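In: model this:
(chains A and B)
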Protein chains: 2
Amino acid sequence: MPSCPLSPLLPRRHSLPSPRLLLLLLYRSLHSSPPALDLSDPTLIVWGSNTGVGKTLVSAGLAASVLSPSSPNPSTFLYLKPVQTGFPHDSDSRFVYRKVSDLFRHRLGGFSAELLASNHALKASVPAARQVLGARSERPEEEGEEASTGLCWYEETRVGTGKSTKGDFKLVCKTLYAWNEAISPHLAVEREGMTVEDSSLREVLGRLLNSSAGGGDGRKEKVWRLIETAGGVLSPGPSGSIQCDLYRPFRLPAVLVGDGHLGGISTTLSAYESLMLRGYDVIAIILADQGLSNEVPLLSYLRHRVPVLVLPPVPEDPLNDLVDWFCESSKTFSSVQELVISTHSKRIQRLHDMPRKAGNILWWPFTQHKLVPEDIVTVIDSRCGENFAVHKVRNDREMIVPQFDACASWWTQGPDFTLQIELARDMGYSAARYGHVMFPENVYEPALHCAELLLEGVGKGWASRAYYSDNGSTAIEIALKMAFRKFLFDNEMHLISGKGIPSERCIELRVLALNGSYHGDTLGAMEAQAPSSYTGFLQQPWYSGRGLFLDPPTIFIHKEIWNLSVPESFQSNQLKPEDMRFRLSDLLFCPSRDSSAIAEIYSAYISNQLLQFSKLSCSTRIGALIIEPVVQAAGGMHMIDPLFQRILVRECQSRRIPVIFDEVFTGFWRLGRESAAELLGCVPDVGCFGKLMTGGIIPLAVTLTTESVFEAFRGDSKLMALLHGHSYSAHAMGCTAAAKAIQWFRDPFTNPNVEFKEKKLKELWEMKLVLQISSLPAVQRVMTLGTVCAVELKAEGSDAGYASLYASFLIQQLREDGLYVRPLGNVIYLMCGPCTSSHFCSQQLKQVYQRLHEFSQHQLRDSQSFQKRDEP
Amino acid sequence: MPSCPLSPLLPRRHSLPSPRLLLLLLYRSLHSSPPALDLSDPTLIVWGSNTGVGKTLVSAGLAASVLSPSSPNPSTFLYLKPVQTGFPHDSDSRFVYRKVSDLFRHRLGGFSAELLASNHALKASVPAARQVLGARSERPEEEGEEASTGLCWYEETRVGTGKSTKGDFKLVCKTLYAWNEAISPHLAVEREGMTVEDSSLREVLGRLLNSSAGGGDGRKEKVWRLIETAGGVLSPGPSGSIQCDLYRPFRLPAVLVGDGHLGGISTTLSAYESLMLRGYDVIAIILADQGLSNEVPLLSYLRHRVPVLVLPPVPEDPLNDLVDWFCESSKTFSSVQELVISTHSKRIQRLHDMPRKAGNILWWPFTQHKLVPEDIVTVIDSRCGENFAVHKVRNDREMIVPQFDACASWWTQGPDFTLQIELARDMGYSAARYGHVMFPENVYEPALHCAELLLEGVGKGWASRAYYSDNGSTAIEIALKMAFRKFLFDNEMHLISGKGIPSERCIELRVLALNGSYHGDTLGAMEAQAPSSYTGFLQQPWYSGRGLFLDPPTIFIHKEIWNLSVPESFQSNQLKPEDMRFRLSDLLFCPSRDSSAIAEIYSAYISNQLLQFSKLSCSTRIGALIIEPVVQAAGGMHMIDPLFQRILVRECQSRRIPVIFDEVFTGFWRLGRESAAELLGCVPDVGCFGKLMTGGIIPLAVTLTTESVFEAFRGDSKLMALLHGHSYSAHAMGCTAAAKAIQWFRDPFTNPNVEFKEKKLKELWEMKLVLQISSLPAVQRVMTLGTVCAVELKAEGSDAGYASLYASFLIQQLREDGLYVRPLGNVIYLMCGPCTSSHFCSQQLKQVYQRLHEFSQHQLRDSQSFQKRDEP
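Out: Sure, this is the predicted structure:
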């Protein structure tokens, strides 16, 4: 018997399932790429606000409306019932098959039309299959692989004149999986076996949705596709996953069958809200009249958002063949049909128009619009965990295809699909409970709870205060203000400064920072970075670069070896080759390097630089150190020698220069640890966090500090306080999301990548593949750590650097492969979330390897043919 | 017969209710202050996932558990059924009354205990009342005002020994409103009359919840309070409002009765989600076992968030007295009882701890922590439209009291309660559909749709591009970069600049700006403002003030007259007094002033200032004008003469100096028009928006520009593009909220304050009261426009200005009155949302008048006694 997702192991009352089982439930549905979807024809999914509200009647009514003998253009209608219990006594696909055939016959009149209808049950549990064998004399035909766990059922019929010149109407009904007992599918699996993984179910369904429905080769015909779900919107599927989640990767336009009974307003609206909380578009609500006019309050509450259609009361007599009812309902069903068609064509039209409209009215950041023609604009229809769902036209078909968000949407993304939906619900709650409320002098749960989690997490061991702001840039500006005040305070300059404004301007404060660093785009944050493409006069006329900028030693993989590259100015000629090459990255982070020869070189270099600087002017002082610990991201994904940064921090702290860690990129497991400070093995006075903090779903940033920094702002006057704030400081939704994400990423029960004991992520990017990539001829260097894997292509001149378009062709190829990659000049990188499965990462990395391999071959051929041409 | 909310006017099928009726439905429940709530004892609300799931059984079971004869401390249990249909045949309060009495008797055993139980129906519709009269011989006693539209029913009983020394157990059951037919309350009202406004229902309920339950005077006893709702969570109440919304202002801890039947997993989870989407805390889910183990998937999906408890199957025989069932269930009900108690005490404990914890780990912006003792920290439990719900301890009672958010939470707030809930749902949808997706070179619906709405709204007539960012500050930094580039482009300086970096630094760009202006806290935004408290060396060591700052003429109300105050430097001595005083504010905005004498003075002053500046240095140029149109907010709520700003814009545009409007504060109806540019009667080249844009619920900002500004960034190189962006640029949730709010505020069907024809808000702050305030002795000046009303107190020396604590006492008084006011130094202001009713505003303003009046009297007495002491 197959393993049961909700097995009898679970105690029945008052207790929670064991963590192991929870994990199983959580991860069953994840980490497979969502299916591509052909959207050329109307496709919809029918949901019920409860069981027994008439989903199948609606499906049949709509099918009969589409397959009306009077229609000038015969269509095909594909009806899919993925999950059926109570089978074969209950078979919705059989009901649709029979009823639509009957109705076709009934409506045939003088029309010359023919309907070819079939009904097919693909897989059944053993008890269900036995019932079929008992019920029918002939043995159902085998269907290859698909009948492997059960027996199948097939029937077909022709209705009509058969003399039609306009071609056949076609009805194809399919039940995918059937169980015998009329209970919830997850229970049926428990009792009858036939486990169905979500991914398998989606795969089968995806194949059927993208087929031309029943092998028809005349591609001109219109094909309708309808999925009918089982039970209510949040009823479990066979694996125990909620159906709403199970089918979410398709995100098909939804028709919700409401409830006309007493209490039906509530269940209908609640079901509608549950669909919204999973990002579905509900195109219509349909309900059968029960004399209570439930449609009136529904329409009123939904305020034009969704049409509500009413069907006549359904006869209760089980012997009634419903033909009269369907005829009475036919006008409503044609309205539904029209609604589906118009919604569908509006959607397609909008998807087509969006690139042009975007080009006309949007102004994208960091984008030269002249270089972005309409056809390279990506139309994102939705996202599902790590993947975008993107609109594409392929072979004249309207497709929604998945693309792995390999740039983690500017390095913000962390959620898998489960967390995404949890965040949606929790933020909905937070907005409904708090909206936004003013922060200063106030306290509310999300802001306090989030601060508690920050201080016991990324701030553990050093931070005692949380200062919220909106983004990395503002967190940095705040950090600089804090560090400078602390510096002035420690050097007793704040006392002089209190008296008047002009005199104290004679002190000029600078930061100590590293070349290649980046801390944000507002002026204050820019001033702390060395001159770069971002800081030119045309970009920021007010930039002057208020820092002493040092060249850092960097680390990279080349030809399967980790290499240390030390700038010439370090006078490191006495270093031996073995100091510069490492087999494993772990060695780089080893504290024993503190007593190595290279440590002394670093220390001497830093001391010397600071000394030289102090000689330049007595009024100019270094008021803060600011670094991105371990990895400089925007600068091109460079790994900085952690030993160098550790010594830098030590040298500054010994001189009472406050230290700022810019962890906006590196924080929250980006580099495999909750904070990069853990990798460095030292702590700052001030730390800045953003991006992944909220799980990547909503902007929020925080600047954490030690108590002694905070003390530098205490005083009797408000003017001593830190007078910097933003309207949405500590906004409730952001803090709610952050609290959720911080806990989710940290907890091995929700994040299977966390190695609980070592508090680090397991390897996500397969090292073997990474090393292979580092040996490709076209590759300059590779860097990988935690969720990041970056590859710099060999390039020279204008092909290198930020403005390079060198990788464009490769990028377009990878996007066609389903990887949404966005390069940093000639650097290509992949970035997953802290919960992404390593299996999924390997699949992606293999594709990149393949393309880089081809690219290398291509480069090689190019250079050879170039050499040949060069020969006399 | 009373008017019906859902009258037969409404056609029954396929069509939408008329806009008038929609409005009625929308605004029925709004704009009354939410009730204060005594939280000292356990109080809860019982919801059903559908009708008939056993809410009343749960209520009775919990009451019986609390009122157990074996309990050492007798309690009082108040059971409230606000809305009952099917009455008197169905009466849940009678069921609870009888069943709990029976159970008490049954469990009495040898205990010496007495229960005094009563059941009381307060109001009934005429048909329901007639049934009562038919059913009972004696006429129910009149209950004063409360029986006015119906007849009432009262019964009481004593159970037990009566010799108890420990005092009585007490059960008080009340039905507030009852109708005869067993249908949804909104339909019952339609058919039987007895309209009940939401506000009246909440008022009655609030009174009962805060009473000591049945007139008991022994305040030591524990009083439990339970509200049982009717039907499902989203079933309509008597007015047609959804019950979930109707009871939301109390936000009581919720117990959800789930459904154990087939389909019950779905309806239970959906109901739970609907409660979350209104900000309720669900403390437990309880369901009766139907042999399907629905609790297992529920627990699994809810992942420890909520305990799920299971009751034994309920006997179906209507003759069964259920005593056995209740006895069998008693353990579960004691678990519920314990759960309610522990959740309640944890909540109270946390509310008490929060101020201390906040003081220990949070760092509030713009706050001198030394001046914020624990007892002035405001603990915000939730918000509901315009009001905070704040925790207070009053007379030893734990209270949740409403406070009008009069500072609009740093000027961001717009939503009434209905919009708040709509935003919660729409953002939930957006998070589930998109999460966050990368913006550059991509397009997705919320970003595009929001841009379309911006350009046809606040950008209408001039803007053609939308550049998204995170907050006002970043929007300003982006605007400055845009304006400077445009200036360089127009002056052909960008061509020289393209070649190399160092040479072009010889041009120094400045802004033209007004003294008292404020544009944000990041360095670039600060550089554009004149020196102030925010810009001192201790605050921002890098600030230098890169502007030419002019003194603007201001406007204010003093002693009921609008006065114009022109700085001395304008040489305006030839102006007549009638130029300087206005009876109506409309005159100030009149275009005819363009040809007045004062216009010439303004023009001359500006030209002269620009000329003087240009003589100072040939390398320093004014590259942009930046102003807050009409009102300088952070500078102290000063109204600037619109004529002056209009002329300033004209003078700059004639010199090809790009103009930036900082509408972060003024945009989206803050000043009564969608944009303040409409008030000025001229348009900028660049406009910045934020705050109210999303309705005030989530951070998002936008910089709008003309196409010609955009063109200055087009070129062949990426380095020509605007290289400024933030991780969450155009994040989907923010754009979704903005699209919703923009439309909501603009549409007279959702915002009754919009005067459709004139496209402005009607008067919100009653002018008569404003003028009265302007005549009070303690008042220096008053300013009102749109949603803003500001009062400057007369103050001198350190009492004036930003750091002043002069108003502290007044502020604390107003907060006790229920107005959360936050001053700008000695300026107190009230700010409502664009949809807030003028009636509500008047109530608030009257309180302010009263306190200012007292304050004036007090000041007068103080100064008199001071003068007396001064006499020899």
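In: can you count the residues close to A:E796?
Out: Residues near A:E796, counting by other Cβ atoms under 10 Å in any protein chain shown, number 8. From N, CA and C alone the C-beta is placed, and that goes for glycine too.
In: tell me the contacts of it?
Out: Residues near A:E796 by Cβ atoms under 8 Å, 6 or more residues apart in numbering or on different chains: none.
In: please enumerate the helices of the stretch 201-350 of chain A.
Out: Counting by DSSP state H, counting those that start in this stretch, the stretch 201-350 of chain A has helices at residues A:243-246, A:264-276, A:295-302, A:323-361.
In: how about TSV for those helices, with distance to A:G545 added?
Out: Shown next, in TSV, are these (distance: least, Cβ to Cβ, whole Å):
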stretch	distance to A:G545
helix A:243-246	50
helix A:264-276	49
helix A:295-302	56
helix A:323-361	35
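In: for chain B, which of these is the nearest?
Out: helix A:264-276 (2.7 Å; Cβ to the nearest Cβ).
In: and for the residue of the stretch 651-800 of chain A found nearest chain B, nearest residue in space, chain neighbours not counted?
Out: Residue nearest to chain B within the stretch 651-800 of chain A: A:G725 (2.8 Å; Cβ to the nearest Cβ). Counting by Cβ to Cβ, 6 or more residues apart in numbering or on different chains, A:G725 lies nearest to B:P365, which is 2.8 Å off, once chain neighbours are set aside.
In: what sits against the one you found?
Out: A:F439, A:P440, A:Y467, A:Y468, A:S469, A:L722, A:L723, A:H724, A:G725, A:H726, A:S729.
In: how about 7 Å then?
Out: By Cβ atoms under 7 Å, 6 or more residues apart in numbering or on different chains, B:P365 lies in contact with A:F439, A:P440, A:L722, A:H724, A:G725, A:S729.
In: return the most buried member of the helices of the stretch 201-350 of chain A.
Out: Highest mean neighbour count of these: helix A:264-276, a mean of 29 (counted as mean count of other Cβ atoms under 10 Å in any protein chain shown).
In: give me the angle between that helix and helix A:295-302.
Out: 40 degrees (axes from the mean of the first three to the mean of the last three Cα atoms, to 10 degrees).
In: and for helix A:264-276, what's in contact with it?
Out: Contacts of helix A:264-276 (Cβ under 7 Å, 6+ apart): A:47, A:49-50, A:232-234, A:244, A:254, A:256, A:258-259, A:282, A:285, A:287, A:294, A:297-298, A:301, B:50, B:184, B:231-236, B:267, B:270-271, B:273-274, B:277, B:425, B:428-429.
In: can you check stretch A:517-536 too?
Out: Here stretch A:517-536 has contacts from A:472-473, A:476-477, A:480, A:511, A:513, A:515, A:540, A:542-547, A:549, A:626-628, A:632, A:634-635, A:662, A:802-803, B:473-474, B:477, B:501, B:522-524, B:527, B:542, B:719, B:723-726, using Cβ under 7 Å, 6+ apart.
In: so for A:F713, what's the pLDDT?
Out: Per-residue pLDDT puts A:F713 at 97.
In: so what's the residue of the stretch 1-150 of chain A found nearest chain B scoring on pLDDT?
Out: Of all residues in the stretch 1-150 of chain A, the one sitting closest to chain B is A:T51 (3.5 Å; Cβ to the nearest Cβ). Model confidence at A:T51, given as pLDDT, is 93.
In: that one contacts B:L292, correct?
Out: No: with contact defined as Cβ atoms under 7 Å, A:T51 does not count as touching B:L292 (11.7 Å).
In: mutual contacts of the two, please.
Out: Jointly contacting A:T51 and B:L292 under the rule Cβ under 7 Å, 6+ apart are B:L262.
In: ok, which stretches of the stretch 701-850 of chain A are strands?
Out: A:701-705, A:754-755, A:760-761, A:779-785, A:788-793, A:819-820, A:827-831 (DSSP state E, counting those that start in this stretch).
In: neighbouring strands for the first one, and are they parallel or not?
Out: To tie it back to what came earlier, the one meant is strand A:701-705. Strand pairing for strand A:701-705, using DSSP bridges, gives strand A:465-469 (antiparallel), strand A:686-689 (antiparallel).
In: pull the distance from the first one to the chain's centre.
Out: Put simply, strand A:465-469 sits 27 Å off its chain's centre (Cα atoms, centre = their mean, to the nearest Å).
In: for stretch A:284-300, same thing?
Out: 36 Å.
In: tell me who's in contact with A:S40.
Out: A:R397, A:E398.
In: remind me which helix or strand it belongs to.
Out: For A:S40, there is no enclosing helix or strand under DSSP states H and E.
In: now swap in A:M639 and tell me
Out: strand A:638-640.
In: what sits up against that strand?
Out: Contacts for strand A:638-640 (Cβ under 7 Å, 6+ apart): A:L514, A:G516, A:P552, A:T554, A:I555, A:F556, A:V630, A:V631, A:Q632, A:M783, A:L785.
In: residues of the stretch 451-600 of chain A that sit close to chain B?
Out: A:451-452, A:455, A:464-467, A:470-474, A:477, A:481, A:484-485, A:494, A:497-498, A:501, A:504-505, A:509, A:521-524, A:527, A:531, A:533-534, A:536-542, A:546 (Cβ under 7 Å from any Cβ of the partner chain).
In: quick check: pLDDT value at A:G690.
Out: Here the pLDDT value assigned to A:G690 is 98.
In: list the contacts of it.
Out: A:N471, A:G472, A:A475, A:V664, A:A701, B:S727.
In: and the furthest pair within the residues you listed?
Out: A:A475 and B:S727 (11.3 Å; Cβ to Cβ).
In: the two: which is more packed in?
Out: A:A475 (31 against 27).
In: thought A:L704 was touching the more buried one, still the case?
Out: No: contact between A:A475 and A:L704 fails when scored by Cβ under 7 Å: they sit 9.3 Å apart.
In: where does pLDDT dip in chain A?
Out: Low-confidence segments of chain A (pLDDT under 70): A:1-32, A:134-152, A:162-166, A:212-220, A:494-505, A:801-805, A:863-872.
In: from B:F484, how far out is A:L362?
Out: Counting by Cβ to Cβ, to the nearest Å, the separation of A:L362 from B:F484 is 22 Å.
In: from the contacts of strand A:638-640, which is closest to A:S592?
Out: A:I555 (16.6 Å).
In: the spatially closest residue to A:R581 that is not a sequence neighbour: neighbouring residues, count only.
Out: Excluding the flanking residues, the one nearest A:R581 by Cβ to Cβ, 6+ apart is A:I561, at 5.3 Å. Per other Cβ under 10 Å, the neighbour tally for A:I561 reads 14.
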